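Q: I would like the atomic coordinates for the input below:
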Amino acid sequence: MYARQEMVRPATTAWRRLATVAAAFTAAAAFGMVTAAPASASVKSTCGSYICVATAYQGRDFVQDITVTTREGLPGTLRAFVGDFRDSKAGVSRWRFPVNREFRAYPKLAVCGGLDRSGRVIENHCVLIP
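A: Below you'll find the predicted structure:
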């Protein structure tokens, strides 16, 4: 006699937001896994009088990144260099320089950072990778 009608609930705004947040979180987690350092990466660091230099590397030749930090926390122009890679960042007290390159050096590879203030070189300091 009467046809039974089923009630279909439209997706509410809250459910759409929840789905969007879940999708964004999943994408961010997947991106983090892709860009994370491999388990075989090593980190070596050393400090001078004014700066500390740390590097993440694989094996003897592949440099992932160089982090340069001022010891007293005051800003300056931070520099990083290894082989033919040269980069700088002004007005900071800490900076991570992504390198992601392979360099041939024998017997050791020197990964260096530097600090300049007022146009003068304050300190250059290097980490030696065996």
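Q: from now on I want contacts and neighbour counts done on CA atoms only, so please keep to that.
A: Fine.
Q: give the contact list for Phe97.
A: Contacts for Phe97 (C-alpha atoms under 8 Å, 6 or more residues apart in numbering) come out as Asp65, Ile66, Thr67, Ala80, Asp87.
Q: you'd agree the second one is up against Val53?
A: Yes: using C-alpha atoms under 8 Å as the test, Ile66 is close enough to Val53 to be in contact (7.0 Å).
Q: overlap in contacts of those two?
A: With C-alpha under 8 Å, 6+ apart, Ile66 and Val53 have common neighbours Gly113.
Q: out of the contacts of Phe97, the closest to Arg120 would be?
A: Proximity of the contacts of Phe97 to Arg120 (C-alpha to C-alpha) peaks at Ala80, which lies at 15.7 Å.
Q: how many other residues sit next to that closest one?
A: Counted by other C-alpha atoms under 10 Å, the residues lying close to Ala80 total 27.
Q: swap in the one 3 residues further on?
A: The local packing of Gly83 (other C-alpha under 10 Å) involves 14 other residues.
Q: distance of it from Phe97?
A: 14 Å (C-alpha to C-alpha, to the nearest Å).
Q: quick check: which ranges of the chain have low pLDDT?
A: Scanning the chain with the threshold set as pLDDT under 70 gives 1-40.
Q: show me the helices in the chain, by range?
A: Assigned by DSSP state H, the helices in the chain fall at 13-35.
Q: which residues of it fall in strands?
A: 42-47, 51-58, 62-70, 76-82, 85-92, 94-102, 109-117, 120-129 (DSSP state E).
Q: list the contacts of Arg79.
A: Val68, Arg86, Asp87, Ser88, Lys89, Gly113, Gly114, Leu115, Asp116.
Q: if you set the cut-off to 6 Å instead, what comes out?
A: Each residue near Arg79 by C-alpha atoms under 6 Å, 6 or more residues apart in numbering is listed here: Asp87, Ser88, Gly113, Gly114.
Q: which among these end up buried?
A: Gly113, Gly114 (16 or more other C-alpha atoms under 10 Å).
Q: closest to Gln58 among the contacts of Arg79?
A: Nearest to Gln58 out of those is Gly113 (C-alpha to C-alpha; 18.7 Å).
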